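Trainee: With the input below, show me the fold.
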Amino acid sequence: MQKKSTLLLIFQKIRKLLSFKNISARTSFIFIGIASTIWFLIRVIPKPQRAGYPCMRAAAPIMSGFVIYILTLSGGVLFFKKAFSRFRQARYLSGGLALLLCLVLLVVFNLNDVQKLYANTFGFTRGVLPDSPNTPMGEGHGVFPGRVVWAWNPAATNENCTDVITNAFFMAKNNNQDTINAMADISIKKLGGQASVKDSWDAIFKSFNNRKTGSASPYVTGQKIFIKVNNGQAGWAINTSDLSETGNNSSTGVKNAAMAGTTPATVLAIVRQLVDSCNVAQSDIYIGEPMTHVYKSMYDAIHAVYPGVIVLDKDGYTNLGRTKSQGWTNFAAIQYSDKGDDMPDALSDELMLEMYNADYMINVAALKAHARNGITLCAKLHFGSHGDHPGYGYGSFHLHAGLIATVDNDVMTSGVRGNYGMYRVLVDLMGHEKLGGNTVLFVVDGLWGGIEATDMAVKWKMAPFNNDWPNSLFMSQDEIALESVCLDFLRAEADKNTAFKDRPFFPGIDDYLHQGADKANWPAGLSYDPEGDGSEMPSSLGIHEHWNDPVKKQYTRDLYTNGTGIDLVSIPESLVAHENSSLGISAGMLANSLELKAYPNPCSTQAELSLQLKRAGTLEYNVYSLDGRLVSSFRKADMNQGAHRLVLNTEDWEKGVYMVRAKVISSGKIEQSSIKLLVQ
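Mentor: Predicted coordinates:
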């Protein structure tokens, strides 16, 4: 990564120098293309395996764009000359063919726009952010200020799911509801700091109301809760006969697609807490995607257990169990603070009445990258909270001018909004008193994870996911902290996974978080007043910070007892190294290189666990049921290097899936692994 970053920084300096001298993008592109090609050939021809080096991966796209540019241009000129020569010789057939080839190459040449190639090449520098790791800005919110809870359990999803429309992520068969319920329960307990879900929710409501109204009041019977979900593609990828997913992605042309969104099982886990633990009446809970519809899969999952929960629809569909919305505010409920300077087609929007009048909102986004904004989480989920915009109809295209890539998906043109201190529409959405300002809980559903708003989920490569679905839930009372953590995860995964197309590395990717965290980062001369009432939004919506590295995943509250930044709490705890705790991990490196096996699997009366220790150390096994109970454990110090086996007696265990976790502690380094064990 260092070589790659250095190379790109050199190229950027060259680009700046060329731009300073008013040399065109075409000339700059040719100059840098020649340099990249020479560099690539000098390095790779003597040693072909260098083609996979980071610096070569940085030079290769520049070189390939330059080569295509040269071949199409020179080829077009060559065939034009041949055509001219053949026509002079009255050889009309061959001359016509040469002219046709010339025209084809010229069309390719013009489609292969230099301005786009040049800008795409240097639109961002991967891995470089203006704020250093562990340098928090802003003010943390919540019972535990700045706390983000990350629950991970590989048993949550079906690792064999193919995520096509006939075997999709949203189906009950691909989600273990009991596991997801347990993940949601322990996450709420960690956020609220109480022993029960009910008491923790009570603490969360009081903390939120204290910040919102100045009074630490609890939830009161009869208050309405609006759960905003990510079903944004239901405006076009939907069967209007039953509101099910079509599987056809008109944006990409992919058939049989199951586009990543909020998982129904995640919403069901939260509704279950509100109804069963907090005694919230089902009729006081709304679920909606105001701009579009709520998919059949979401409705069916909720309605089967809690038929009184109200699933809203702007168009009605009462024959399908939906409740028709009361409509929209008859006034500009949100007024964008740029006053048309950056978004000339978006001065204001109306909001759905049920959302506007709700006492609380719960925001359940999906963990995804985005081709216009780099990432799409809770803030951007409100691209869909508004009604149809005049002149645009369905969609949020009128707001795209307030994002990073304004011209087209993944295009870093000269018009890209990549500088810091620019107007960001997401700040208006986070700071609006009826949107981000009325949200009692922010959730990022990372059970599956997607590479783009309209793409299917992909398996993640980084540890601890290790080529499985991410199987994660992220929760916080602090939206800035939550999105900062999820951005770090997305950047770490994009560094290993080319499917993300470098989207989390877009320029200015965290500018909206800087501005949301601290008023000092607002654009010069601009005041964020999303209600348009003359009153600025709060000077800090939460705490922003980047972790120290993708292995330790430590923020300042994980590093220091008196840290003022983000507090990342992981479940299990060993996923994050805590310097200020008694976990005994100090700055320990967490690896996942143990080769843990179970045989037979499935089993009935017993199973043999085996693994190979690379070095002597303390060996520990823990077996958990899906509801989080510790079923069996084994720990022994001074285990020698080599093969080790342990027999589990499962004869008296209930049938079902169990998680087996093995951990070896040796010389301050921790290696761990986990597998699913099925008892029949």
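
Trainee: only C-alpha atoms for contact and neighbour calcs from this point on.
Mentor: Fine.

Trainee: Tell me which stretches of the stretch 151-300 of the chain form helices.
Mentor: Assigned by DSSP state H, counting those that start in this stretch, the stretch 151-300 of the chain shows helices spanning 177-192, 197-213, 264-272, 296-303.

Trainee: now those helices as CSV including distance to residue 100, mean pLDDT and mean neighbour count?
Mentor: As requested, the helices of the stretch 151-300 of the chain are exported to CSV (distance: least, CA to CA, whole Å; pLDDT from 0 to 100; neighbours: other CA atoms under 10 Å):
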stretch, distance to residue 100, mean pLDDT, mean neighbour count
helix 177-192, 60, 97, 23
helix 197-213, 68, 96, 20
helix 264-272, 54, 98, 23
helix 296-303, 52, 98, 19
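
Trainee: which one of the ones you listed lies closest to residue 84?
Mentor: helix 296-303 (63.0 Å; CA to CA).

Trainee: other SSEs contacting the next helix or strand after the closest one?
Mentor: Later in the chain than helix 296-303, the nearest helix or strand by DSSP states H and E is strand 310-313. Where contact means 3 or more CA pairs under 8 Å, 6 or more residues apart in numbering; DSSP states H and E, strand 310-313 is packed against strand 285-288, strand 323-324.

Trainee: what mean pLDDT does stretch 137-148 have?
Mentor: What stretch 137-148 shows for mean pLDDT is 96.

Trainee: wait, stretch 410-419
Mentor: The predicted model assigns stretch 410-419 a mean pLDDT of 80.

Trainee: quick revisit: list just the one of the helices and strands packed on strand 310-313 that sits closest to residue 472.
Mentor: Comparing the helices and strands packed on strand 310-313 by CA to CA, strand 285-288 comes nearest, at 21.8 Å.

Trainee: next one: that closest one to chain centre, how far?
Mentor: 23 Å (CA atoms, centre = their mean, to the nearest Å).

Trainee: buried set for it?
Mentor: Buried residues in strand 285-288, defined by neighbour count with 16 or more other CA atoms under 10 Å: 285, 286, 287, 288.

Trainee: do the same with stretch 77-85
Mentor: So, applying 16+ other CA under 10 Å, buried residues of stretch 77-85: 77, 79, 80, 82, 83, 84.

Trainee: chain center to it: distance?
Mentor: A distance of 51 Å separates the centroid of the chain from that of stretch 77-85, by CA atoms, centre = their mean.

Trainee: again, but for stretch 418-434
Mentor: 18 Å.

Trainee: With stretch 553-564 instead?
Mentor: Relative to its chain's centre, stretch 553-564 lies at 23 Å (CA atoms, centre = their mean).

Trainee: Next, the distance between the ends of that stretch.
Mentor: Across stretch 553-564, the terminal residues are separated by 16 Å (CA to CA, to the nearest Å).

Trainee: unless I'm mixing things up, residue 641 is touching residue 615, no?
Mentor: Yes: Residue 641 is within contact range of residue 615, at 4.6 Å (criterion: CA atoms under 8 Å).

Trainee: Adding distance to residue 564, write the helices of the stretch 151-300 of the chain out as CSV.
Mentor: Formatted as CSV, the helices of the stretch 151-300 of the chain follow (distance: least, CA to CA, whole Å):
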stretch, distance to residue 564
helix 177-192, 17
helix 197-213, 18
helix 264-272, 29
helix 296-303, 38
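
Trainee: Contact partners for residue 428?
Mentor: Residue 428 sits next to 336, 337, 528, 529, 530 when contact means CA atoms under 8 Å, 6 or more residues apart in numbering.

Trainee: my bad, residue 324
Mentor: Contact analysis of residue 324 by CA under 8 Å, 6+ apart lists 312, 313, 314, 315, 316, 317, 318.

Trainee: what's the farthest-apart pair in these?
Mentor: Greatest spacing in these, by CA to CA: 314 and 318 (10.6 Å).

Trainee: For the two, indicate the residue with more neighbours.
Mentor: Of the pair residue 314 and residue 318, residue 314 is the one with more neighbours under other CA atoms under 10 Å, namely 21 against 12.

Trainee: picking up where we left off before, can you pick the most crowded of the contacts of residue 324?
Mentor: Neighbour counts for these peak at residue 312, which has 25 neighbours (criterion: other CA under 10 Å).

Trainee: so how far is residue 330 from it?
Mentor: Distance, residue 312 to residue 330, using CA to CA: 19 Å.

Trainee: Which of the helices and strands packed on strand 310-313 sits closest to residue 521?
Mentor: In terms of CA to CA, the element of the helices and strands packed on strand 310-313 nearest to residue 521 is strand 285-288, at 33.0 Å.

Trainee: Residue 346 and residue 399 touch, don't they?
Mentor: Yes: in this structure, residue 346 is within contact of residue 399 by CA under 8 Å, at 6.3 Å.

Trainee: What helix or strand is residue 645 located in?
Mentor: Element membership for residue 645, per DSSP H and E: strand 642-649.
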